[in-house]
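Undergrad: what follows is a predicted protein model with its sequence.
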Amino acid sequence: MLANSLVELDRAHLVHPVASWRGHEAAGVRLLTSGKGARITDAQGHELIDGFAGLWCVNAGYGQESVVAAATKQMQDLAYATGYFGLGAEPAVRLAARLADAAPGDLNHVYFGLGGSDAVDTTVRFVRYYWHARGKPAKDQFISVAQGYHGSSTVGAGLTALPAFHAGFGVPYDWQHKIPSHDTYRNPAGSDAAIIEASRGHLLAKVAELGGPERVAAFYIEPIQGSGGVLVPPKGWMKAMRDLCAELDILFIADEVITGFGRTGPLFACAEEGIVPDMMTTAKGLTSGYVPMGAVFLSDRVYSTIADGAGAAAVGHGQTYSAHPVSAAVGLAVLDLYEGGLLENGQRMGARLMAGLRGLSDHPLVGDVRGRGMLAAIELVTDKAAKTPLPAAAQPATRIFDRAWQAGLVVRAFGWGVIGYAPPLCCTEEEIDQIVARTRVVLDQTLDDPDVRAALR
């Protein structure tokens with residue numbers, strides 16, 4: 001079928017995620033046709049370096065033959081096996097065991113779902129069940145962090161703290177609350193130590209406002225806030241917040257949907273931070289985006305409390321595709337790649353990426369360069385001293401993305417002038433250098449934008 005025919009079919013029938021529906025109808029779809037390693041090709045034959053790994057997810061890169069072979073074999077052997085009725089299949093059992101061995105501390109129990117959003121929903125249900133089993137049903141208030149992202153399901157979107165996911169949807173609910181972000185670039189607290197102390201104070205104040213620890217069920221964080229603009233907390237921030245939650249008897253939930261599986265360097269960012277959450281969510285890099293899958297890790301304490309609370313009764317949570325054998329087979333193959341050298345390559349290339357992006361700090365528009373490993377961002381400003389964002393008239397979300405695309409690079413272009421990066425861990429040195437070089441082209445073109453020139457100080 002001709003590409004232009006597909007564009008028309010897309011306009012007529014396919015609803016795209018997080019898009020202006022009318023805007024997409026007008027612009028039309030950019031059709032992707034193939035991918036290999038860190039590169040993708042569109043229907044016009046235009047090759048690009050995927051500097052965002054699809055949607056922070058193709059960590060192992062495209063076209064990994066071992067992954068394709070694992071999925072093919074599992075489809076031939078056993079395409080589906082339910083986890084209901086005490087049934088199961090070998091790949092999910094083996095994947096759960098390997099992940100438990102690799103996870104921090106006593107996160108020894110793994111529930112598999114379809115992706116990150118339903119993983120967050122699963123934690124909410126498990127948190128509520130846990131407190132009921134503890135005889136404390138009044139602990140029913142949930143706290144997350146401003147600029148955080150925890151999915152776009154109805155419940156997860158309420159924990160998410162980005163306005164686009166709230167408008168028109170009737171969320172957040174009255175049991176979902178936020179504290180200010182740790183955003184180090186724009187934080188009025190100043191130093192790292194002051195930011196940590198301020199965040200502790202914000203959480204304590206919110207808990208008191210809600211009636212004390214006896215009312216608060218859980219606190220949700222991302223080790224690095226991805227969709228909020230790749231906001232990296234100060235070193236020690238995660239541990240300080242985790243320790244405070246332990247003191248207050250509040251469950252600490254780490255959302256590693258973006259940061260898991262080598263994105264920041266190690267397999268899990270929590271390990272690098274030296275913390276063990278009560279529950280941890282993962283997805284994206286779990287299968288490198290090849291097939292849908294998410295996972296919730298539970299500590300021994302949380303698992304045992306729920307299990308003992310239920311006794312002989314079923315814990316009434318599940319999905320048709322929980323522990324899907326094909327997804328699990330892919331997960332095992334991807335884990336082999338990570339442990340077979342991809343993590344180490346990602347760490348080397350992450351250091352090169354951060355060094356290259358920091359080399360752009362001299363550009364008139366670059367206000368901040370931040371990140372860890374293969375997760376990074378540049379924040380653009382028109383006044384470095386005042387940290388003035390790009391003007392809305394410059395349409396950074398669309399113009400920057402379009403300019404990068406034309407330059408042969410896929411990035412995440414945030415609406416307030418942040419460029420996000422999350423390249424596949426398989427990138428070569430040349431590809432990392434090209435990401436940086438093509439970014440400079442985009443910066444120079446944006447600097448020449450009349451709307452930006454008019455606002456420049």
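TA: Ah, there it is.
Undergrad: list the buried ones in the helix or strand harbouring residue 306?
TA: Taking DSSP states H and E as the criterion, the element that holds residue 306 is helix 300-310. Neighbour-count burial for helix 300-310 flags 302-303, 305-306, 309 (criterion: 16 or more other CB atoms under 10 Å). For glycine as for every other residue, the C-beta is placed from the backbone atoms N, C-alpha and C.
Undergrad: how about stretch 45-55?
TA: Judged by neighbour count using 16+ other CB under 10 Å, the buried positions of stretch 45-55 are 48-55.
Undergrad: centre of the chain versus it, how much separation?
TA: Averaged C-alpha coordinates place stretch 45-55 at 18 Å from its chain's average position (CA atoms, centre = their mean, to the nearest Å).
Undergrad: swap in stretch 449-457?
TA: Relative to the centre of its chain, stretch 449-457 is centred 32 Å away, using CA atoms, centre = their mean.
Undergrad: element containing the closest residue to residue 153 other than its chain neighbours?
TA: Nearest in space to residue 153, with sequence neighbours left out and distances taken as CB to CB, 6 or more residues apart in numbering, is residue 117 at 4.3 Å. Assigned by DSSP H and E, residue 117 falls within helix 116-133.
Undergrad: just the angle for that helix relative to helix 300-310, thanks.
TA: With axes from the mean of the first three to the mean of the last three CA atoms, to 10 degrees as the basis, helix 116-133 and helix 300-310 are set at 60 degrees to each other.
Undergrad: which strands or helices does helix 116-133 pack on?
TA: Under the contact criterion of 3 or more CB pairs under 8 Å, 6 or more residues apart in numbering; DSSP states H and E, helix 116-133 touches strand 109-113, helix 154-159, strand 216-221, strand 251-255, strand 279-282, strand 294-298, helix 300-310.
Undergrad: how far does whichever helix or strand comes after the fourth one sit from the chain's center?
TA: Translated: strand 251-255. For strand 251-255, the following helix or strand on the C-terminal side (DSSP H and E) is helix 269-273. Computed by CA atoms, centre = their mean, the separation of helix 269-273 from the middle of its chain amounts to 15 Å.
Undergrad: what does helix 269-273 rub up against?
TA: When contacts are taken as CB atoms under 8 Å, 6 or more residues apart in numbering, the neighbours of helix 269-273 outside the stretch itself are 104, 223-224, 238-239, 254, 256, 259-260, 263-266, 276-277, 280, 372.
Undergrad: mind checking which of these are buried?
TA: Neighbour-count burial (16+ other CB under 10 Å) is assigned, among the contacts of helix 269-273, to 104, 223-224, 238, 254, 256, 259-260, 263-266, 276-277, 280, 372.
Undergrad: between those, which is nearest residue 137?
TA: Using CB to CB, residue 277 is the member of the buried ones among the contacts of helix 269-273 that lies nearest residue 137, at 22.5 Å.
Undergrad: so for the longest strand anywhere in the chain, what gets flagged as buried?
TA: Once the chain is assigned using DSSP state E, the strand that runs over the most residues is strand 376-383. Residues of strand 376-383 classed as buried under the neighbour-count rule (16+ other CB under 10 Å) are 376-382.
Undergrad: with stretch 141-156 instead?
TA: Across stretch 141-156, burial judged by 16+ other CB under 10 Å covers 141-153, 155-156.
Undergrad: what is the mean pLDDT for stretch 136-151?
TA: Model confidence over stretch 136-151, given as mean pLDDT, is 98.
Undergrad: stretch 242-258 now?
TA: Within the predicted structure, the mean pLDDT of stretch 242-258 is 98.
Undergrad: list the buried residues in that stretch.
TA: The neighbour-count criterion (16+ other CB under 10 Å) identifies 242, 244-245, 248, 250-258 as the buried residues of stretch 242-258.
Undergrad: how close does the closest residue in space to residue 37 that isn't next to it in sequence sit to residue 39?
TA: Nearest-residue entry for residue 37: residue 61, 4.8 Å, with adjacent residues in sequence omitted and distances by CB to CB, 6+ apart. Here residue 61 is placed at a distance of 9 Å from residue 39 (CB to CB, to the nearest Å).
Undergrad: follow-up on the earlier one: which among the buried residues of strand 376-383 gets closest to residue 25?
TA: The nearest one, if we look at these relative to residue 25 and count by CB to CB, is residue 380, at 29.0 Å.
Undergrad: contacts only, for the closest one.
TA: Neighbouring residues of residue 380 by CB under 8 Å, 6+ apart: 365-367, 389-390, 396, 417-419, 443, 446.
Undergrad: look up which residues are beta-bridged to it.
TA: Here residue 380 sits in beta bridges with residue 366, as judged by DSSP bridges.
Undergrad: likewise residue 231?
TA: residue 225.
Undergrad: quick one: contacts for it?
TA: Contacts were defined as CB under 8 Å, 6+ apart; by that measure residue 231 touches 147, 181-185, 224-225, 370.
Undergrad: which of those residues count as buried?
TA: Buried residues within the contacts of residue 231, defined by neighbour count using 16+ other CB under 10 Å: 147, 181-185, 224-225, 370.
Undergrad: which of the residues you listed fall in strands?
TA: Checked against DSSP E, those include these in strands: residue 370.
Undergrad: in CSV, list the buried ones among the contacts of residue 231 along with distance to residue 201.
TA: As requested, those are exported to CSV (distance: CB to CB, whole Å):
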residue, distance to residue 201
147, 18
181, 14
182, 12
183, 16
184, 17
185, 20
224, 22
225, 19
370, 23
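Undergrad: and this protein, what are its domains?
TA: Recorded structural domains for the chain (assignment: automatic domain parsing) are 31-64+341-455, 81-323.
Undergrad: span of the first one from start to end?
TA: Criterion CA to CA, to the nearest Å; first-to-last residue distance in domain 31-64+341-455 is 35 Å.
Undergrad: quick one: average pLDDT of it?
TA: In this model, domain 31-64+341-455 has a mean pLDDT of 97.
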